[in-house]
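Participant: the amino acid sequence is not available; the structure is as follows:
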Ligand SMILES: O=C(O)CCC(=O)C(=O)O
C-alpha cells in the first residue's frame, strides 16, 4: 500500500489567524494537479508563537480551525494532519494537533505533552496527557509535536501497537536544526517506522525557524528534505517497507521491558 503526502513548509504570519488561513488556502490551490492522500501542516500555524496574545487569538475549543479545515478536507478529498493550533479550553490553552479525514470529520486531537520552556510554553499553555495515536487512510499512525521528539520513551509508547507512520509537526528553530535531523532519523531507525515531519520557515520576533521538513523511511533513510524555503514537499511512501524492516531486524520481538527502567 502506498501513501502520498504533501507537507506545507510555510512561513507563518505572527498572531494573525486570518492571514495564515489565506496562505493555507493558496497552498491547497497548488495541489489541484496532484494526487495527494494526506496534507501535513506545521505547529501553531494559525498564530505562530504569539503566546502573550493568546487571550485574544486562541481558538475557542478549536472550532474555527476545525470548521476551516473540514471544508478544505472535503473540497480536496484529502486527509489532514493539520499541524497544531492554540486551543482555548475551560482549563487553559493547549497546543493541539488536529487530524481530520477526507470526509472532513475530526478523527483525533492531541495536546502537546511536553511543553518547551525555552519558548515559554509552560507560562502560557497547559500540557496534554493523552497519546497521539490514530488511524488515518487505514494506517496505524501517531502524531507528536516538536519538542515531543526529544522523548524517545514517549514515541515508543505510540509504536508498541504496530504503528507504522509517525507524523511530527513543528516550529523548530534554525539554530538547532542539526538536532531536528538527528532526532527524526533516530526515531525512524529505533522504531522502524516512517517519519513524516513538517517544520515551518521564516522568523518571528524571537526565533528564526529552520525548515528541513522531511520524509524518512523505516531504515532511517532520508527520502525527501525540503531545505529552508517555503514550499510544498511531496512524497510517496510504501507502507509494506515497515514490515520488511521489522522482519529483518525484529526489535519489537527482542525488546526486554522486564529489565528497563521508565
Ligand atoms: O527541542 C527543541 O530544540 C525545539 C523545540 C521547540 O521549538 C518546540 O517544542 O516548540
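Facilitator: Cool, the structure landed. This is a predicted model, so every value here is computed, not measured. Numbers count the residues shown, from 1 in each chain.
Participant: who does the most centrally placed residue in the chain bridge with?
Facilitator: By Cα atoms, centre = their mean, the chain has its centre lying nearest to residue 169, at 2.6 Å. Listed by DSSP bridges, the beta-bridge partners for residue 169 are residue 145, residue 198.
Participant: close to the ligand: what parts of the protein are there?
Facilitator: Residues of the chain lying close to the ligand (Cβ under 6 Å from any ligand atom) are 116, 119, 146, 147, 150, 171, 172, 173, 176, 179. Placement of C-beta: from N, CA and C, glycine included.
Participant: helix or strand right after the host helix or strand of residue 140?
Facilitator: Using DSSP states H and E, residue 140 sits in strand 139-145. Next along the chain after strand 139-145, taking DSSP H and E as the criterion, comes helix 152-159.
Participant: burial count for residue 71?
Facilitator: For residue 71, the neighbour count with other Cβ atoms under 10 Å is 12.
Participant: what's the separation between the closest residue to it other than its chain neighbours and the ligand?
Facilitator: Excluding the flanking residues, the one nearest residue 71 by Cβ to Cβ, 6 or more residues apart in numbering is residue 104, at 6.9 Å. In this view, residue 104 and the ligand are 28 Å apart by Cβ to the nearest ligand atom, to the nearest Å.
Participant: hmm, back to that, drop anything exposed from the residues of the chain next to the ligand.
Facilitator: Among those, those buried by neighbour count (16 or more other Cβ atoms under 10 Å) are 116, 119, 146, 147, 171, 172, 173.
Participant: count the residues that sit near residue 98.
Facilitator: Residue 98: 25 surrounding residues under other Cβ under 10 Å.
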